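Provide a 3D model corresponding to the input given below.
(4 chains)
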There are 2 protein chains.
Amino acid sequence: MNLKQLSHMLQLSQTTVSRALNGYPEVSEETRRRVTDAAKRHGYRPNPSARRLATGKAGMIGYVLPTGASVDIDPHFVEFLSGLGDYARSHELDLVLSPADADDEETTYRRVAANKQVDAVYISAPRPADRRISLVNQLGLPFLVHGRAEGLDFDYPFLDIDNEGAFHEAARLLVQLGHKRIALINGDDGQTFAIFRERGVRRALASAGLALPPERIRSVAMTEENGYRSARSLLEQPEPPTAIACSSLIMALGVVRAVRDLGLTIPGDVSLVAHDDVFPWLRPEHFSVPLSTTRSSIRAAGARIAERLVARISGLEEGARGEIWPVDLVVRGSIAGAAG
Amino acid sequence: MNLKQLSHMLQLSQTTVSRALNGYPEVSEETRRRVTDAAKRHGYRPNPSARRLATGKAGMIGYVLPTGASVDIDPHFVEFLSGLGDYARSHELDLVLSPADADDEETTYRRVAANKQVDAVYISAPRPADRRISLVNQLGLPFLVHGRAEGLDFDYPFLDIDNEGAFHEAARLLVQLGHKRIALINGDDGQTFAIFRERGVRRALASAGLALPPERIRSVAMTEENGYRSARSLLEQPEPPTAIACSSLIMALGVVRAVRDLGLTIPGDVSLVAHDDVFPWLRPEHFSVPLSTTRSSIRAAGARIAERLVARISGLEEGARGEIWPVDLVVRGSIAGAAG
DNA sequence: GCAGTCAGCCAAAGCGCTTTGGGAGCTCTA
DNA sequence: TAGAGCTCCCAAAGCGCTTTGGCTGACTGC
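Residues are numbered from 1 along each chain as shown, chains lettered A, B, ... in the order given. Okay, the predicted model is just below:
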């Protein structure tokens, strides 16, 4: 059933039927009702390809997915996707993943924009002066950044969590508990989230006259093994930290293993706090010693991003609105006062 | 730059230019060269929306993503996606994720098919008589199943790993090591992979005159906590198992925690083997006791599925070819001979 | 030398929508 | 009663491709 058939059946022109269905005012209410009724009865659904060709609107949102033999997709992605999908579903909006060479995402962004494949894209895991943001901005492709860049000479819409605030709070608590040597096992410091987290810890320590020297910082890809190695190398120093802040639950698994391997205990010898993006399959409260966390649901972020993307597409949201979510600090058994 | 402009510039008809670009024979080689040169020089790229409307081909592959507030996406998905994306990229093929109500995927499949949004779909995590497979088959939408159904009255193309063989091998080894009471912590037994795994274990035990009674089987969603709970309840039985086969690395984390909590050791009191889909961020060799595994890269499966999907779309692959990959058994420190 | 073949090109008709630019019929004002 | 101003509707022109159905001119075979 296409528009031609439907309009013929209703003895109306395609114009009128189209307008009736799309809510234009120049059609009487009675006609509109007749049309919508018939459309529903016959299960008419406009052909998206045709509509897209005519309007240029795709009815899809996009994401450029960096791939490559040595590129790993962040496991947080599924949770983000759960949220995004859950919202998108209610709007019959599909998500297009465009795989890109991780070393040359630009080509893919250009293709996506030129083809008008999608109405908007979101960008995740931004770096300080992320070129993708400048690029999509310049291409005129509507977008939303999940996270923040830094030092860009224009404003842009984003959704981020308060990484600095979260780690500031966590570190401040550790300081209050008497810890003097606090270490940070961070994610890749090319990414802004890691920079903000370090800044948060540093600021908290500074307020207490404490330092965060390079030898107490690790900046690594967030795997269990890197958590282990980092913790081990930190704890085997002559003056080991008495507390560790860690950027992910997965790395925290490795930290716990390292602490145990060294014959130490949490929180007796080392206090541990980690950031939790909320995985359904790995919960901080179920660690052998329940883990204190800074918590923010990445799933909720996905849903919110979908919501804002929809708003931008339909013109309800404009401009460069930045949104920063506060982060909960959840204290559990893994932190205690510093010994001595 | 569109076809009209390009053909005008070349003093040729749109027909000829189109044919030249698409490799049709009724255009001279010299003309073809002129055309392709000019196209490249001016960066001409056919508008996919227009092409799609004209041909009905979308140039995309699809996946219906079940979503919902209480629905969790399998964390293996990102790895699968890495493989799929890596291959798809080389063919400039995009992936469309269509979020669906987890309780009613059918509507979404119908929409996807009716809209001709994608040229083919893949279906993952199939159940024995999975209705999605019958549905897409009947809708005439090209597809490929990752995994297998069972008891369907028609053949269909799929890619699966030899789950039964893998767990048969693993269990057989445990039996050979003298284990009499072997338990299985499985995934959701509504899914065929879990059924096959149970079958594999059962068959291995049966050959040795051993049984796999219901009280030594757990069938749960694959989270760390469920691994913990299952292991605990198994090991607290009057006659606890001396060996456990486990369907995922994430659950194995919980098993290890439970064993430790009970004051037991691996492999002294309990041997443990788990299935490893190969995550970059959690490796069995880095468990506190290196974990024996049945290993099969889900990433490789993703790449292969993309490859076959492409082949099916272009007509190179036809029929209901099933492909079953063998699984490696990797023995590490977590298994030992049964005590006594 | 003439019908038949074939390579190489083209005009035009789709694909199924949206949107522009009217145009008929009616009411209302002066 | 003429003209303006509505309200509703329509025909037709896109959107940018692919594909059908020729058409032309050169070449073959007898």
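
CA only for contacts and neighbour counts going forward, please
Will do.

so how many other residues sit close to the residue of the stretch 201-340 of chain A found nearest DNA strand D?
Here the stretch 201-340 of chain A gets closest to DNA strand D at one residue, residue A:313, 20.0 Å apart by CA to the nearest atom of the strand. Using other CA atoms under 10 Å in any protein chain shown, residue A:313 has 18 neighbouring residues.

For it, give its distance to residue A:120.
Per CA to CA, to the nearest Å, residue A:313 is found 7 Å from residue A:120.

Ok, residue A:45 next?
Per CA to CA, residue A:45 is found 23 Å from residue A:120.

joint contacts of residue A:313 and residue A:120?
The contact sets of residue A:313 and residue A:120 overlap at residue A:142 (CA atoms under 8 Å, 6 or more residues apart in numbering or on different chains).

Count the residues that sit near the residue of the stretch 151-300 of chain A found nearest DNA strand C.
Here the residue of the stretch 151-300 of chain A nearest DNA strand C is residue A:157; by CA to the nearest atom of the strand that distance is 25.7 Å. By other CA under 10 Å, the residues close to residue A:157 number 20.

how much space is there between it and residue A:147?
10 Å.

Number of residues surrounding the residue nearest to residue A:42 when sequence neighbours are not counted?
Counting by CA to CA, 6 or more residues apart in numbering or on different chains, residue A:1 is the residue found nearest to residue A:42 once chain neighbours are left out, at 7.4 Å. Neighbouring residues of residue A:1 were enumerated by other CA under 10 Å; the total is 12.

Residue A:1 contacts residue A:40, correct?
No. Using CA atoms under 8 Å, residue A:1 is not in contact with residue A:40; the gap is 11.2 Å.

what residues does the host helix or strand of residue A:38 touch?
For residue A:38, the element it lies in under DSSP states H and E is helix A:29-41. Contact partners of helix A:29-41, identified using CA under 8 Å, 6+ apart, comprise A:6, A:10, A:17, A:20-21, A:45.

Can you list phi and psi of residue A:295 for me?
For residue A:295, the backbone dihedrals (degrees, to the nearest 10) come out as phi -120, psi 130.

That one and residue A:248, how far apart?
Remark: distance between residue A:295 and residue A:248 (CA to CA) = 10 Å.

Over to residue A:90?
Taking CA to CA as the measure, residue A:90 falls 31 Å from residue A:248.

Spell out which parts of the stretch 151-300 of chain A neighbour chain B.
Residues of the stretch 151-300 of chain A lying near chain B by CA under 8 Å from any CA of the partner chain: A:222-225, A:250, A:257, A:280-283, A:286, A:288.

pLDDT, secondary structure and distance to DNA strand C for these - can I get that in CSV?
Output for those, formatted as CSV (pLDDT from 0 to 100; DSSP: H, G, I helix; E, B strand; the rest coil; distance: CA to the nearest atom of the strand, whole Å):
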residue, pLDDT, secondary structure, distance to DNA strand C
A:222, 97, coil, 46
A:223, 97, coil, 48
A:224, 97, helix, 50
A:225, 97, helix, 53
A:250, 98, helix, 47
A:257, 97, helix, 58
A:280, 96, coil, 40
A:281, 95, coil, 43
A:282, 97, strand, 45
A:283, 97, coil, 46
A:286, 96, helix, 52
A:288, 94, coil, 57
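
From these, pick the one nearest residue A:239.
Nearest to residue A:239, judged by CA to CA, of those is residue A:257 at 20.0 Å.

what's the residue closest to the geometric middle of chain A?
residue A:146 (4.7 Å; CA atoms, centre = their mean).

Need the per-residue pLDDT for that one.
Looking at residue A:146, its pLDDT is 98.

residues contacting it?
Residues in contact with residue A:146, defined by CA under 8 Å, 6+ apart, are A:122-126, A:158-160, A:305.

In ChimeraX, select just the buried ones from those residues.
Applying 16 or more other CA atoms under 10 Å in any protein chain shown to those leaves a buried subset, and the ChimeraX line that selects it is:
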select /A:122,123,124,125,126,158,159,160,305
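
Between all of the contacts of residue A:146, which two are at the greatest distance?
Comparing every pair within those by CA to CA identifies A:126 and A:305 as the most remote, at 14.9 Å.

Same question for the residue of the stretch 1-150 of chain A found nearest chain B, what's its three-state structure.
In the stretch 1-150 of chain A, no residue comes nearer to chain B than residue A:96, which is 4.4 Å away by CA to the nearest CA. The three-state assignment at residue A:96 reads strand, by DSSP: H, G, I helix; E, B strand; the rest coil.

give me the beta-bridge partners of it?
residue A:62, residue B:96 (DSSP bridges).

how about whatever residue of the stretch 151-300 of chain A ends up closest to DNA strand D, phi and psi?
Nearest residue of the stretch 151-300 of chain A to DNA strand D (CA to the nearest atom of the strand) works out as residue A:156 at 28.0 Å. Per-residue torsions, residue A:156: phi -160, psi 160 (degrees, to the nearest 10).

That one and residue A:319 touch, don't they?
Yes. Between residue A:156 and residue A:319 there is a contact under CA under 8 Å: 7.3 Å.

If you count surrounding residues, which of these two has more?
Taking other CA under 10 Å, residue A:156 and residue A:319 do not tie; residue A:156 has more neighbours (18 against 9).
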